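In: only geometry, no sequence info:
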């Protein structure tokens with residue numbers, strides 16, 4: 001399963017702060033259907049993500065009935081991404 005979507009980078013300030021992009025509702029429904037087969041626990045879904053020329057392995061996190069893509073600092077630096085930037089994300093499920 002492959003997905004491509006655009007979204008805005010947002011920040012969660014917590015004990016371990018992270019930057020994310022939220023997967024659109026229509027893609028979340030497909031991911032939810034696949035999650036029993038691919039999830040390794042807590043609803044996390046392993047994927048290969050790509051923004052621009054940068055690809056990385058990560059897991060989608062379930063949040064509020066949707067999924068979010070965590071953006072590592074290395075990815076943000078490589079692609080010169082900032083809070084609030086609109087990005088195109090490509091996801092491939094790792095099965």
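Out: Now that the structure is in, tell me what you want to look at. Bear in mind that the values here come from a model prediction, so they are computed numbers and not experimental data.
In: what ranges do the strands span in the protein?
Out: For the chain, the strands defined by DSSP state E cover 2-8, 10-12, 18-22, 45-51, 54-63, 66-71, 86-93.
In: what helices or strands is the fourth one leaning on?
Out: Translated: strand 45-51. Applying 3 or more C-beta pairs under 8 Å, 6 or more residues apart in numbering; DSSP states H and E, we find strand 45-51 packed against helix 25-38, strand 54-63, strand 66-71, strand 86-93. Every residue, glycine included, has its C-beta placed from N, CA and C.
In: point out the most buried one among the ones you listed.
Out: strand 66-71 (a mean of 21; mean count of other C-beta atoms under 10 Å).
In: in the sheet, which strands lie alongside that strand, parallel or antiparallel?
Out: Each strand paired with strand 66-71, and its direction, by DSSP bridges: strand 18-22 (antiparallel), strand 54-63 (antiparallel).
In: need the contact partners of it.
Out: 9, 18-23, 25, 27-28, 31, 45, 47, 49, 51, 58-61, 81, 89, 91 (C-beta atoms under 8 Å, 6 or more residues apart in numbering).
In: and what of stretch 80-90?
Out: By C-beta under 8 Å, 6+ apart, the list of residues contacting stretch 80-90 reads 2-11, 19, 21, 49-51, 69, 71, 75-76, 79.
In: much appreciated, bye for now.
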